[in-house]
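1. Here's a sequence, model it:
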Amino acid sequence: MRPTTVLAAITGRDRPGVTAAFFASLAAHDVDIRNVEQVVLRDRLHLTVLLDLRGDPGALRASVTSAASALGMDSDVRLAEDLPQGRPDRRSSFSAVTVLGCPLRAGALSARAQRIADLGDNIESVFQLPSEHAPGVDMLVRTADPGALRAELFRAAREAGVAVAVEAAGLVRRSKRLVVLDLEATLVPGAGMAVLAERAGAGERAAELCAQLRSGDDAAAGDCVRDQASLLAGLPEHEVRAVRDRLRAVPGAGSGIGSLRRSGYAVGLVSDGPQVVADRFARELGLDFAVANDLEVRGGALTGRLIGPALDGPAKAEALRRFAADRAVPLDQTVVAARGCSDLELLATAGLAIAFSGRSPEDAAANLAMVLFLLGITAEDDPGR
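-> The predicted structure follows:
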């Protein structure tokens, strides 16, 4: 006997025992569960089950209606024979998209939902995430091109106060082992080349180059970094050390990195700034690796040139691959937290990619907290925090 596809739903005031009673009404019949969705908003519950029924749909409807009536709730049971019976299109896959903001504005969700729709992708489900520091939603998106979905959402990550995270859906979400953080976005705002350019009297030009670097053009990032380095020609090496030593990590950086390490993650950083700054904070925070731009020094002063290639988008992505290979970690088990507008290739390489916009001390501290939250690390889970 060919089964009948049925969509059964129950809606009303939530309380203990509702889900059990609803499934008990289904269990009285010969059914196989295909999909389940339960949402509780305030005290309103909506529970929907897609199932295959071998038997009389009328009898199933009577059972669900009786259970709902006893609970003082509404029910709906309808045939869904026009729904696909086979497997989903093999050309499509699912991505988990998380949007966090403080506050989380309707416009932010609308903009991202529209970008998803513009790609021809579909949002299959949306639910709220429990978060004390920033409200957020998790969306399950069916997409024909996960890479294009990431790129489109990260290009829109300039909106202040909103972070976007994208990864493949499924059990792989629980298997991350290596975390790479953008130094300025999460740990030390103001750690880039511009802080040295101010000391060299070229702050205004450095600010212009920083704006170009954040424009989202990975191909131009290397040129911007080299141009920033050229502004530093003649700056004494002791001035570089003085600037480096004045920088401070955001509150909570040490405890946050400690939480990641105690949770079993290898943790490192990438930076558009000088290697001498990245190395300092790698030591202080107990990081496993750090990659930045190495400034050439001759005769006790900067020459305005880099040692080796500039750390642009492709170089950062290659650094992630190298870090992962050194530790035998598959790329789908890596995490990158960076700026969505200027690190697109790096973000495209990671298993879980988290894109930020703000880089103030307050933003950076919140960004690091979001990383911990998205990885499921709380103060209750880690007493060392």
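
2. give me every residue that touches the one residue sitting closest to the centre of the chain.
-> Most central in the chain under CA atoms, centre = their mean is residue 165, positioned 2.1 Å from the mean C-alpha point. Contacts for residue 165 (CB atoms under 8 Å, 6 or more residues apart in numbering) come out as 96-98, 100, 352-355, 374. No exception for glycine: its C-beta is placed from N, CA and C like everyone else's.

3. What's opposite residue 353 in the beta bridge?
-> Residue 353 forms beta bridges with residue 166, residue 336, as assigned by DSSP bridges.

4. Wasn't residue 365 part of a strand?
-> No. Going by DSSP: H, G, I helix; E, B strand; the rest coil, the assignment for residue 365 is helix, not a strand.

5. mean confidence score for stretch 199-208?
-> The pLDDT scores in stretch 199-208 average 81.

6. So which residues lie in contact with it, not counting its own?
-> 193-194, 197-198, 228, 231-235, 239, 242-243.

7. are any of the residues you listed buried, and which?
-> Buried by 16 or more other CB atoms under 10 Å: 193-194, 197-198, 228, 231-232, 235, 239, 243, out of these.

8. just checking, which of those residues belong to helices?
-> 193-194, 197-198, 228, 239, 243 (DSSP state H).

9. now, the most widely separated pair of those?
-> Spatially, the most separated pair among those is 228 and 239, at 16.0 Å (CB to CB).

10. can you give me the strands in the stretch 201-350 of the chain?
-> Ranges of strands within the stretch 201-350 of the chain are 266-274, 289-293, 295-298, 301-306, 334-339, based on DSSP state E, counting those that start in this stretch.

11. quick one: which of those strands is nearest residue 186?
-> Using CB to CB, the nearest of the strands of the stretch 201-350 of the chain to residue 186 is strand 334-339, at 5.6 Å.

12. elements contacting that closest one?
-> Judged by 3 or more CB pairs under 8 Å, 6 or more residues apart in numbering; DSSP states H and E, the packing partners of strand 334-339 are strand 178-182, helix 183-186, helix 313-326, helix 344-349, strand 352-356, helix 361-374.

13. Looking at those, which is nearest to residue 43?
-> Nearest of those to residue 43, taken as CB to CB: helix 361-374 at 25.2 Å.

14. May I see the buried residues of that closest one?
-> 363-374.

15. ok, of the residues you listed, which one's closest to residue 277?
-> Comparing the buried residues of helix 361-374 against residue 277 with CB to CB places residue 364 closest, at 14.5 Å.

16. Model confidence score at the closest one, please.
-> Listed pLDDT for residue 364 reads 88.

17. these two touch, right, it and residue 184?
-> Yes. Proximity of residue 364 to residue 184 meets the contact threshold set by CB atoms under 8 Å, at 7.2 Å.

18. picking that back up, will you turn the buried ones among the contacts of stretch 199-208 into TSV that also has distance to residue 146?
-> Putting these into TSV (distance: CB to CB, whole Å) gives the following:
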residue	distance to residue 146
193	33
194	34
197	38
198	41
228	33
231	39
232	40
235	44
239	46
243	41
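
19. The residues you listed: which two are farthest apart?
-> Pairwise distances across the buried ones among the contacts of stretch 199-208 (CB to CB) peak at 16.0 Å, for the pair 228 and 239.

20. how far away is residue 21 from residue 332?
-> The gap separating residue 21 from residue 332 is 40 Å, by CB to CB, to the nearest Å.

21. which intervals of this protein have sub-threshold pLDDT?
-> 1, 81-91, 131-134, 157-161, 211-221, 341-342, 358-361, 379-385 (pLDDT under 70).

22. Run through the helices of it in chain order.
-> Counting by DSSP H, residue ranges of the helices within the chain are 18-27, 57-71, 106-118, 146-155, 183-186, 193-199, 203-213, 218-230, 237-246, 253-262, 275-285, 313-326, 344-349, 361-374.

23. Tell me which of those sits most buried.
-> Compared across these, helix 183-186 shows the largest average neighbour count, a mean of 28 (mean count of other CB atoms under 10 Å).
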